[in-house]
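Trainee: could you look at this predicted model? Sequence included:
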Amino acid sequence: MVGKAGRVLAIRRAIGELDATARRVVGAAVNELHRELSQALDRREEELLDSEPALPYPVDVTLPGTGPSAGGLHPTVQLMYDLNDAFAALNFEVYSGPEISSELYEFDYMNFPPDHPARESMDTFWLNDTAGRHGAERLCLRPHLTGASVRYLRRHRPPLRFVYPGRVYRNESTDARHERAFFQYEVLIIDRDVPLTAGKFLVSTILDTVFGRPVRTRMRTGFFPFVEPGFEIDMECQVCQGTGCRTCHGVGWLEVMPGGSPHPNVLRAAGLDPNEWTGFYVNVGLDRLVMMRYGIDDVRLMHSADLRYLGQFR
(Lines give C-alpha, C1' and ligand atoms only; values in the text may rest on other atoms or scores of the structure.)
Protein backbone atom coordinates (compact mmCIF):
# COMPACT_ATOMS: atom_id res chain seq x y z
CA MET A 1 0.00 0.00 0.00
CA VAL A 2 2.69 2.54 0.94
CA GLY A 3 5.72 1.19 -0.92
CA LYS A 4 7.21 2.41 -4.19
CA ALA A 5 4.81 0.24 -6.13
CA GLY A 6 1.92 0.78 -3.71
CA ARG A 7 -1.52 2.24 -4.36
CA VAL A 8 -0.95 5.40 -2.27
CA LEU A 9 1.97 6.47 -4.45
CA ALA A 10 -0.05 5.74 -7.58
CA ILE A 11 -2.82 8.06 -6.35
CA ARG A 12 -0.31 10.80 -5.58
CA ARG A 13 1.03 10.61 -9.11
CA ALA A 14 -2.48 10.99 -10.50
CA ILE A 15 -3.22 14.14 -8.44
CA GLY A 16 -1.49 16.31 -11.01
CA GLU A 17 -4.22 15.55 -13.53
CA LEU A 18 -6.90 17.09 -11.28
CA ASP A 19 -8.00 20.73 -11.05
CA ALA A 20 -6.67 22.95 -8.26
CA THR A 21 -9.63 22.50 -5.92
CA ALA A 22 -9.67 18.73 -6.29
CA ARG A 23 -5.90 18.53 -5.85
CA ARG A 24 -6.14 20.16 -2.43
CA VAL A 25 -8.92 17.86 -1.24
CA VAL A 26 -7.44 14.64 -2.66
CA GLY A 27 -3.90 15.56 -1.59
CA ALA A 28 -4.96 16.11 2.02
CA ALA A 29 -6.89 12.83 2.04
CA VAL A 30 -3.95 10.90 0.58
CA ASN A 31 -1.53 12.37 3.13
CA GLU A 32 -3.86 11.40 5.96
CA LEU A 33 -4.20 7.86 4.54
CA HIS A 34 -0.41 7.51 4.25
CA ARG A 35 0.05 8.72 7.84
CA GLU A 36 -2.55 6.25 9.22
CA LEU A 37 -1.11 3.32 7.27
CA SER A 38 2.44 4.11 8.39
CA GLN A 39 1.33 4.36 12.02
CA ALA A 40 -0.56 1.04 11.73
CA LEU A 41 2.53 -0.70 10.31
CA ASP A 42 4.74 0.75 13.06
CA ARG A 43 2.32 -0.45 15.76
CA ARG A 44 2.23 -3.96 14.27
CA GLU A 45 6.02 -4.10 14.09
CA GLU A 46 6.27 -3.18 17.78
CA GLU A 47 3.68 -5.84 18.68
CA LEU A 48 5.65 -8.53 16.85
CA LEU A 49 8.94 -7.49 18.45
CA ASP A 50 7.39 -7.49 21.92
CA SER A 51 5.54 -10.81 21.52
CA GLU A 52 6.88 -14.18 22.77
CA PRO A 53 8.84 -16.17 20.18
CA ALA A 54 7.21 -19.26 18.68
CA LEU A 55 10.28 -21.34 19.61
CA PRO A 56 11.01 -22.22 23.26
CA TYR A 57 14.55 -20.89 22.92
CA PRO A 58 16.06 -17.71 21.44
CA VAL A 59 17.21 -17.86 17.85
CA ASP A 60 19.91 -15.71 16.33
CA VAL A 61 18.79 -15.44 12.73
CA THR A 62 22.20 -14.09 11.73
CA LEU A 63 23.93 -17.39 12.47
CA PRO A 64 24.38 -20.09 9.79
CA GLY A 65 21.65 -22.70 9.77
CA THR A 66 22.02 -26.25 11.08
CA GLY A 67 22.16 -28.72 8.21
CA PRO A 68 20.28 -32.02 8.32
CA SER A 69 22.22 -34.93 9.79
CA ALA A 70 23.65 -37.24 7.16
CA GLY A 71 22.84 -40.93 7.18
CA GLY A 72 25.17 -43.79 6.34
CA LEU A 73 25.23 -47.34 5.08
CA HIS A 74 24.80 -50.24 7.47
CA PRO A 75 28.24 -51.83 8.02
CA THR A 76 27.02 -55.12 6.52
CA VAL A 77 25.74 -53.35 3.41
CA GLN A 78 28.99 -51.36 3.16
CA LEU A 79 31.07 -54.53 3.25
CA MET A 80 28.76 -56.13 0.68
CA TYR A 81 29.35 -53.19 -1.66
CA ASP A 82 33.10 -53.36 -1.04
CA LEU A 83 33.16 -57.06 -1.99
CA ASN A 84 30.91 -56.46 -5.00
CA ASP A 85 33.32 -53.80 -6.25
CA ALA A 86 36.33 -56.07 -5.70
CA PHE A 87 34.79 -58.95 -7.65
CA ALA A 88 33.30 -56.69 -10.33
CA ALA A 89 36.87 -55.60 -11.05
CA LEU A 90 37.59 -59.30 -11.73
CA ASN A 91 34.63 -59.53 -14.16
CA PHE A 92 32.29 -61.28 -11.74
CA GLU A 93 28.55 -60.70 -12.12
CA VAL A 94 26.48 -59.82 -9.04
CA TYR A 95 23.40 -62.06 -8.86
CA SER A 96 20.36 -61.88 -6.58
CA GLY A 97 17.91 -64.74 -6.02
CA PRO A 98 14.50 -64.94 -4.32
CA GLU A 99 14.30 -65.12 -0.52
CA ILE A 100 11.35 -67.54 -0.71
CA SER A 101 12.63 -70.76 -2.24
CA SER A 102 11.68 -74.43 -2.21
CA GLU A 103 12.92 -77.79 -1.01
CA LEU A 104 13.82 -78.59 -4.61
CA TYR A 105 16.43 -75.83 -4.92
CA GLU A 106 17.62 -75.64 -1.33
CA PHE A 107 18.02 -79.38 -0.63
CA ASP A 108 17.22 -81.72 -3.53
CA TYR A 109 19.43 -79.97 -6.08
CA MET A 110 22.09 -79.41 -3.40
CA ASN A 111 22.56 -83.16 -2.92
CA PHE A 112 21.11 -83.23 0.62
CA PRO A 113 19.83 -86.74 1.46
CA PRO A 114 16.09 -87.03 2.24
CA ASP A 115 16.71 -87.62 5.96
CA HIS A 116 19.17 -84.75 6.44
CA PRO A 117 18.41 -82.83 9.68
CA ALA A 118 18.61 -79.47 7.86
CA ARG A 119 15.31 -80.35 6.19
CA GLU A 120 13.51 -80.40 9.56
CA SER A 121 11.50 -77.47 10.88
CA MET A 122 13.94 -77.12 13.78
CA ASP A 123 16.46 -75.70 11.29
CA THR A 124 14.44 -74.35 8.33
CA PHE A 125 11.48 -71.96 8.23
CA TRP A 126 8.88 -73.76 6.14
CA LEU A 127 5.91 -71.76 4.89
CA ASN A 128 2.41 -72.60 6.13
CA ASP A 129 0.26 -75.08 4.18
CA THR A 130 3.32 -76.87 2.75
CA ALA A 131 3.39 -79.78 5.22
CA GLY A 132 3.31 -83.11 3.42
CA ARG A 133 4.48 -81.58 0.16
CA HIS A 134 7.85 -82.15 -1.44
CA GLY A 135 10.19 -80.66 -3.98
CA ALA A 136 9.10 -77.47 -5.74
CA GLU A 137 5.74 -77.43 -3.86
CA ARG A 138 7.32 -77.26 -0.40
CA LEU A 139 8.26 -73.61 0.10
CA CYS A 140 10.63 -72.13 2.67
CA LEU A 141 12.65 -69.07 3.54
CA ARG A 142 16.04 -69.81 2.04
CA PRO A 143 18.33 -71.28 4.73
CA HIS A 144 21.45 -70.62 2.64
CA LEU A 145 22.40 -69.01 -0.66
CA THR A 146 23.82 -72.10 -2.30
CA GLY A 147 20.53 -73.03 -3.96
CA ALA A 148 20.78 -69.82 -5.99
CA SER A 149 23.74 -71.29 -7.86
CA VAL A 150 21.52 -73.84 -9.61
CA ARG A 151 18.96 -71.15 -10.43
CA TYR A 152 21.68 -69.09 -12.08
CA LEU A 153 23.34 -71.99 -13.88
CA ARG A 154 20.05 -73.19 -15.37
CA ARG A 155 19.60 -69.76 -17.00
CA HIS A 156 23.17 -69.12 -18.15
CA ARG A 157 25.76 -71.20 -19.94
CA PRO A 158 29.36 -71.60 -18.72
CA PRO A 159 32.07 -70.50 -18.41
CA LEU A 160 30.72 -68.32 -15.61
CA ARG A 161 31.88 -66.35 -12.60
CA PHE A 162 29.43 -64.65 -10.28
CA VAL A 163 28.78 -63.63 -6.68
CA TYR A 164 25.44 -63.67 -4.88
CA PRO A 165 25.05 -61.85 -1.55
CA GLY A 166 21.85 -61.82 0.46
CA ARG A 167 19.93 -62.53 3.66
CA VAL A 168 19.20 -66.08 4.80
CA TYR A 169 17.03 -67.49 7.59
CA ARG A 170 17.61 -70.23 10.18
CA ASN A 171 15.28 -71.47 12.89
CA GLU A 172 17.72 -71.31 15.78
CA SER A 173 18.15 -69.63 19.15
CA THR A 174 19.81 -66.23 19.09
CA ASP A 175 22.90 -65.39 21.09
CA ALA A 176 26.04 -63.30 20.68
CA ARG A 177 27.17 -65.40 17.70
CA HIS A 178 23.89 -66.59 16.14
CA GLU A 179 20.87 -64.87 14.60
CA ARG A 180 17.73 -66.12 12.89
CA ALA A 181 18.30 -63.79 9.94
CA PHE A 182 21.78 -62.93 8.72
CA PHE A 183 23.73 -62.21 5.55
CA GLN A 184 25.88 -64.56 3.51
CA TYR A 185 28.17 -63.94 0.56
CA GLU A 186 28.85 -66.65 -2.00
CA VAL A 187 31.26 -66.79 -4.91
CA LEU A 188 31.23 -69.37 -7.71
CA ILE A 189 33.42 -70.03 -10.73
CA ILE A 190 32.35 -72.57 -13.37
CA ASP A 191 34.82 -73.40 -16.11
CA ARG A 192 36.90 -76.23 -17.50
CA ASP A 193 39.78 -77.43 -15.33
CA VAL A 194 39.44 -74.94 -12.46
CA PRO A 195 42.42 -75.50 -10.11
CA LEU A 196 42.24 -75.32 -6.33
CA THR A 197 44.53 -72.31 -6.50
CA ALA A 198 41.55 -70.43 -7.99
CA GLY A 199 39.66 -71.10 -4.77
CA LYS A 200 42.61 -69.87 -2.76
CA PHE A 201 42.54 -66.67 -4.83
CA LEU A 202 38.82 -66.16 -4.11
CA VAL A 203 39.41 -66.50 -0.38
CA SER A 204 42.33 -64.07 -0.49
CA THR A 205 40.24 -61.54 -2.44
CA ILE A 206 37.52 -61.63 0.20
CA LEU A 207 39.79 -61.33 3.22
CA ASP A 208 42.09 -58.73 1.66
CA THR A 209 39.02 -56.59 0.93
CA VAL A 210 37.72 -56.98 4.48
CA PHE A 211 40.95 -56.19 6.32
CA GLY A 212 42.79 -54.09 3.75
CA ARG A 213 45.89 -56.27 3.95
CA PRO A 214 46.96 -59.86 3.15
CA VAL A 215 45.67 -62.44 5.64
CA ARG A 216 47.14 -65.91 6.04
CA THR A 217 44.69 -68.73 5.30
CA ARG A 218 44.64 -72.51 5.23
CA MET A 219 42.29 -75.09 3.72
CA ARG A 220 41.35 -78.31 5.54
CA THR A 221 39.31 -81.14 4.12
CA GLY A 222 35.66 -81.05 5.21
CA PHE A 223 32.33 -82.55 4.20
CA PHE A 224 29.44 -80.62 2.70
CA PRO A 225 26.79 -82.34 0.54
CA PHE A 226 27.01 -79.82 -2.28
CA VAL A 227 30.80 -79.88 -2.85
CA GLU A 228 33.30 -82.60 -3.65
CA PRO A 229 36.01 -82.26 -2.53
CA GLY A 230 35.03 -79.95 0.31
CA PHE A 231 37.16 -77.71 2.50
CA GLU A 232 36.99 -75.86 5.79
CA ILE A 233 38.77 -72.57 5.19
CA ASP A 234 40.49 -70.92 8.16
CA MET A 235 42.13 -67.53 8.55
CA GLU A 236 44.85 -66.49 10.94
CA CYS A 237 43.37 -64.99 14.10
CA GLN A 238 43.59 -61.21 13.82
CA VAL A 239 43.45 -60.75 17.57
CA CYS A 240 46.64 -62.63 18.45
CA GLN A 241 48.20 -62.81 14.94
CA GLY A 242 48.36 -66.60 15.16
CA THR A 243 50.02 -66.97 18.57
CA GLY A 244 46.86 -68.28 20.29
CA CYS A 245 44.25 -66.49 22.41
CA ARG A 246 40.75 -66.84 23.85
CA THR A 247 39.14 -65.74 20.58
CA CYS A 248 40.71 -68.59 18.60
CA HIS A 249 40.72 -71.01 21.57
CA GLY A 250 44.50 -71.03 21.61
CA VAL A 251 45.01 -72.50 18.11
CA GLY A 252 45.81 -69.29 16.23
CA TRP A 253 43.22 -69.95 13.50
CA LEU A 254 39.52 -69.11 12.99
CA GLU A 255 37.12 -70.99 10.74
CA VAL A 256 35.52 -68.47 8.38
CA MET A 257 33.96 -70.27 5.42
CA PRO A 258 33.36 -73.58 3.65
CA GLY A 259 34.38 -74.13 0.06
CA GLY A 260 35.12 -76.68 -2.61
CA SER A 261 34.30 -77.85 -6.10
CA PRO A 262 30.57 -78.18 -6.91
CA HIS A 263 29.39 -81.76 -6.45
CA PRO A 264 28.73 -83.64 -9.73
CA ASN A 265 25.07 -84.07 -8.70
CA VAL A 266 24.75 -80.29 -8.28
CA LEU A 267 26.20 -79.74 -11.75
CA ARG A 268 23.80 -82.31 -13.19
CA ALA A 269 20.87 -80.55 -11.49
CA ALA A 270 22.00 -77.39 -13.27
CA GLY A 271 22.05 -79.19 -16.62
CA LEU A 272 25.85 -79.36 -16.86
CA ASP A 273 28.07 -82.34 -17.62
CA PRO A 274 30.43 -82.85 -14.62
CA ASN A 275 32.90 -84.57 -16.96
CA GLU A 276 33.23 -81.33 -18.90
CA TRP A 277 32.71 -78.61 -16.30
CA THR A 278 34.07 -78.03 -12.83
CA GLY A 279 34.52 -75.00 -10.58
CA PHE A 280 35.09 -73.64 -7.12
CA TYR A 281 32.67 -72.25 -4.57
CA VAL A 282 33.06 -70.39 -1.27
CA ASN A 283 30.43 -69.16 1.18
CA VAL A 284 31.11 -66.75 4.01
CA GLY A 285 28.94 -65.27 6.73
CA LEU A 286 28.96 -61.57 5.91
CA ASP A 287 27.92 -60.50 9.41
CA ARG A 288 30.81 -62.47 10.90
CA LEU A 289 33.27 -60.71 8.61
CA VAL A 290 31.85 -57.34 9.68
CA MET A 291 32.32 -58.34 13.33
CA MET A 292 35.97 -59.16 12.69
CA ARG A 293 36.48 -56.02 10.60
CA TYR A 294 35.21 -53.65 13.31
CA GLY A 295 35.80 -55.67 16.48
CA ILE A 296 32.09 -56.22 17.23
CA ASP A 297 31.43 -58.89 19.86
CA ASP A 298 27.66 -59.44 19.49
CA VAL A 299 25.97 -60.25 16.18
CA ARG A 300 22.60 -59.13 17.55
CA LEU A 301 23.78 -55.53 17.32
CA MET A 302 23.88 -55.91 13.54
CA HIS A 303 20.08 -56.14 13.30
CA SER A 304 19.03 -54.13 16.35
CA ALA A 305 18.28 -50.86 14.47
CA ASP A 306 19.98 -49.09 17.41
CA LEU A 307 21.05 -45.67 16.17
CA ARG A 308 23.76 -45.46 18.87
CA TYR A 309 25.37 -48.45 17.17
CA LEU A 310 24.68 -47.51 13.56
CA GLY A 311 25.79 -43.90 14.03
CA GLN A 312 29.38 -45.06 14.52
CA PHE A 313 29.69 -46.16 10.88
CA ARG A 314 28.71 -42.96 9.06
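Mentor: In hand now; what should we look at? If you're wondering where the values come from, they're calculated on a predicted model, not measured in any experiment. Residues are numbered from 1 along each chain as shown.
Trainee: quick check: pLDDT value at residue 4.
Mentor: With respect to pLDDT, residue 4 scores 64.
Trainee: just the one 5 residues further on next, same as before
Mentor: For residue 9, the pLDDT comes out at 68.
Trainee: same thing with the one 4 residues further on?
Mentor: According to the model's per-residue confidence, residue 13 sits at a pLDDT of 69.
Trainee: and what of residue 126?
Mentor: Looking at residue 126, the pLDDT reads 88.
Trainee: quick one: contacts for it?
Mentor: By Cβ atoms under 8 Å, 6 or more residues apart in numbering, the contact set of residue 126 is 138, 139, 140. For the C-beta atoms, the positions are set from N, CA and C on the backbone; glycine is no exception.
Trainee: among these, which lie within strands?
Mentor: 139, 140 (DSSP state E).
Trainee: need the contacts of residue 126 in JSON lines (columns: neighbour count and distance to residue 61).
Mentor: Compiled in JSON lines, the contacts of residue 126 are given as follows (neighbours: other Cβ atoms under 10 Å; distance: Cβ to Cβ, whole Å):
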{"residue": "138", "neighbour count": "21", "distance to residue 61": "66"}
{"residue": "139", "neighbour count": "18", "distance to residue 61": "60"}
{"residue": "140", "neighbour count": "23", "distance to residue 61": "60"}
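Trainee: redo the contacts of residue 126 as TSV? Include distance to residue 10.
Mentor: As requested, the contacts of residue 126 are arranged in TSV below (distance: Cβ to Cβ, whole Å):
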residue	distance to residue 10
138	84
139	78
140	79
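Trainee: could I get the contacts of residue 126 as a markdown table with pLDDT and distance to residue 63?
Mentor: Formatted as a markdown table, the contacts of residue 126 follow (pLDDT from 0 to 100; distance: Cβ to Cβ, whole Å):
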| residue | pLDDT | distance to residue 63 |
| --- | --- | --- |
| 138 | 90 | 64 |
| 139 | 91 | 59 |
| 140 | 90 | 57 |
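Trainee: pick the one among the contacts of residue 126 closest to residue 226.
Mentor: residue 140 (16.5 Å; Cβ to Cβ).
Trainee: so residue 179 versus residue 296, what's the distance?
Mentor: Taking Cβ to Cβ, to the nearest Å as the measure, residue 179 falls 13 Å from residue 296.
Trainee: what's the overlap in contacts for these two?
Mentor: In contact with both residue 179 and residue 296: residue 302, using Cβ under 8 Å, 6+ apart.
Trainee: OK, contacts around the nearest residue to residue 106 once chain neighbours are set aside?
Mentor: With Cβ to Cβ, 6 or more residues apart in numbering as the criterion, residue 106 has its nearest non-adjacent residue at 4.3 Å, and that residue is residue 147. Residue 147 sits next to 97, 101, 105, 106, 107, 109, 110 when contact means Cβ under 8 Å, 6+ apart.
Trainee: dump the residue contacts of the first one.
Mentor: With contacts defined as Cβ under 8 Å, 6+ apart, the neighbours of residue 97 are 142, 145, 147, 148, 151, 152, 164, 166.
Trainee: for the third one, same thing?
Mentor: With contacts defined as Cβ under 8 Å, 6+ apart, residue 105 is in contact with 147, 148, 150, 151.
Trainee: any chance of these in CSV, plus distance to residue 173?
Mentor: Below are the contacts of residue 105 laid out as CSV (distance: Cβ to Cβ, whole Å):
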residue, distance to residue 173
147, 24
148, 26
150, 30
151, 30
